[in-house]
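Engineer: fold the following and give me the result.
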Amino acid sequence: MKTASGLLLALFLCFTLSIVPIGQATSQFSGNVIIKSDGSIDPITAPVQRVSEVYTLIESFIGNITVQKDNIVVDGAGYSVEATMIGTETTIGVDISFRSNVTITNMQIRGFVNGIHLLNSSNCNLIGNNITENIDGIRIDNSTSNSIIGNNMTANRHGTHPFQDQPIL
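Structural biologist: Take a look at the predicted model:
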């Protein structure tokens with residue numbers, strides 16, 4: 001009887017371990033990440049690592065990013081920022097308002113009203129992001145001299161909205 005119980009336990013553990021993905025961490029963080037004008041990250045528990053003027057995501061999370069600092073790069077490192085309820089609850093995935101020289105790159109942005117919102121911003125670069133299942137992939141309001149290069153925009157109601165003479169390469 002002990003042998004049969006031990007064998008069943010061993011089989012159960014093998015089966016259980018075989019369906020758990022190894023090396024894929026699930027984020028415990030959810031909420032709004034703010035890159036403040038002084039360069040600090042709020043909250044300090046946000047999955048963002050800063051090295052000089054480059055802010056890199058270190059895992060995917062449910063929430064959004066607000067950029068309040070000029071002259072920075074936000075590197076998604078392939079990780080995602082997702083709305084709490086696809087397309088309904090959280091308005092903006094990455095908010096770039098009244099900023100200059102901000103680059104957003106290599107990020108997955110999914111399920112927002114506006115995936116990325118450029119408001120009164122200039123000389124910003126949106127490069128190589130996957131922007132999916134948003135109402136507006138990229139919303140541009142009163143912004144000039146921005147570059148939108150190599151982004152994959154799929155299943156959005158509008159890719160860019162409104163389009164205001166921004167170069168898309």
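
Engineer: beyond the helix or strand bottoming out on mean pLDDT in the chain, next helix or strand please.
Structural biologist: One helix or strand of the chain scores below all others by mean pLDDT, DSSP states H and E: helix 2-19, with a mean of 44. Following helix 2-19 in sequence order, the next helix or strand is strand 30-35 (DSSP states H and E).

Engineer: give me the sheet partners of that following strand and which way each runs.
Structural biologist: Within its sheet, strand 30-35 is paired with strand 41-42 (antiparallel), strand 61-67 (parallel), according to DSSP bridges.

Engineer: can you tell me which of the ones you listed is most buried?
Structural biologist: strand 61-67 (a mean of 21; mean count of other Cβ atoms under 10 Å). Quick note: C-beta positions are derived from backbone N, CA and C, even for glycine.

Engineer: low-confidence stretches in this protein?
Structural biologist: Within the chain, the stretches with pLDDT under 70 are 1-27, 85-90, 162-169.

Engineer: swap in 90 and give it another go.
Structural biologist: Counting by pLDDT under 90, the chain has low-confidence residues at 1-28, 84-91, 158-169.
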